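Undergrad: Have a look at this prediction, sequence included:
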Amino acid sequence: MSVTRLVTSGTFALDGGTWEVDNNVWLVGSDEEVVIVDAAHDAAAILSAVAGRRVAAIVCTHAHNDHINAAAEVAAATSAPILLHPADQVLWEMQYGPEVPYLPLKDGQVIDAGEVALTVLHTPGHAPGAVCLYAPELGVVFTGDTLFQGGPGATGRSHSSFETIIESIEDRLLTLPPETVVHTGHGDSTTIGAEAPHLAEWLARGH
């Protein structure tokens, strides 16, 4: 069982603004098979990191363009399905329109990634269809832009809600074992135990 991080760079665009960003692309699985979490920016780099293994699925933690803009190209190259929570349809269509298909994710679904099982946790707030992927055997959770080192993901743009993201983090993530490693969509990893004590600060800070 393995987890590999690839950092890719590009732009995030929403609400008329554009920002330069570095994204974490996670490859989870075995020597034979992997799941790609968030195919961001650079299809060639992602395919190089796959290194000939079978891609079981391309899972999108949410449909902001910087997390999905290489998904269609990677899917075409690997014949792997793209998985996304359908509540993010409006964001998906900003990047791809209705032409690029995906399979709908649902809360509680289990995705097999080689020797690793990923459980889908629907965690709306940063985006309506945001999900986290919990791998209890590895003691890790892939949080996309829901939870970072230092607090919740941004909720200042369209289709987001601070109250909703706090509820998602409190109910779905802070209930995980404190030693659970949090692999994020941008930046460094953290743990549930390191972030949990700061919930009151986040609430006071608000958005």
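TA: Received, thanks.
Undergrad: Out of the helices and strands in the chain, which is least certain?
TA: Using mean pLDDT, DSSP states H and E, helix 199-205 stands out as the lowest-scoring helix or strand of the chain, at a mean of 88.
Undergrad: That one - contacts with which helices or strands?
TA: When contacts are defined as 3 or more Cβ pairs under 8 Å, 6 or more residues apart in numbering; DSSP states H and E, helix 199-205 sits against strand 151-152, helix 162-168. Placement of C-beta: from N, CA and C, glycine included.
Undergrad: Do me a favour and average the pLDDT over stretch 33-52.
TA: Average pLDDT, stretch 33-52: 98.
Undergrad: Start at 25, not 1
TA: Got it, first residue is 25 now, which makes that one stretch 57-76.
Undergrad: any idea where the strands of the protein begin and end?
TA: Per DSSP state E, the chain carries strands over the ranges 26-38, 41-53, 57-61, 78-83, 106-108, 127-128, 134-137, 140-146, 155-159, 164-168, 171-172, 175-176, 205-208, 214-215.
Undergrad: Let me know which of the ones you listed is the nearest to residue 72.
TA: strand 26-38 (8.7 Å; Cβ to Cβ).
Undergrad: and stretch 194-208, how far out from the chain's middle?
TA: Computed by Cα atoms, centre = their mean, to the nearest Å, the separation of stretch 194-208 from the middle of its chain amounts to 14 Å.
Undergrad: CA-only coordinates of it in PDB, if you can.
TA: The C-alpha coordinates for stretch 194-208 follow below in PDB (Å, rounded to 0.1, in the frame of the first residue of the first chain):
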ATOM      1  CA  GLU A 194     -16.900  19.000  13.100                       C
ATOM      2  CA  ASP A 195     -19.200  16.100  12.300                       C
ATOM      3  CA  ARG A 196     -17.300  14.200   9.700                       C
ATOM      4  CA  LEU A 197     -13.500  14.900  10.200                       C
ATOM      5  CA  LEU A 198     -12.900  15.800  13.900                       C
ATOM      6  CA  THR A 199     -14.600  12.600  14.800                       C
ATOM      7  CA  LEU A 200     -11.800  10.600  13.200                       C
ATOM      8  CA  PRO A 201      -9.000   9.200  15.300                       C
ATOM      9  CA  PRO A 202      -6.700  12.100  16.400                       C
ATOM     10  CA  GLU A 203      -3.600  10.400  14.900                       C
ATOM     11  CA  THR A 204      -5.300  10.400  11.400                       C
ATOM     12  CA  VAL A 205      -3.000  12.100   8.900                       C
ATOM     13  CA  VAL A 206      -4.700  14.800   6.900                       C
ATOM     14  CA  HIS A 207      -3.500  15.000   3.300                       C
ATOM     15  CA  THR A 208      -4.700  18.300   1.900                       C
END
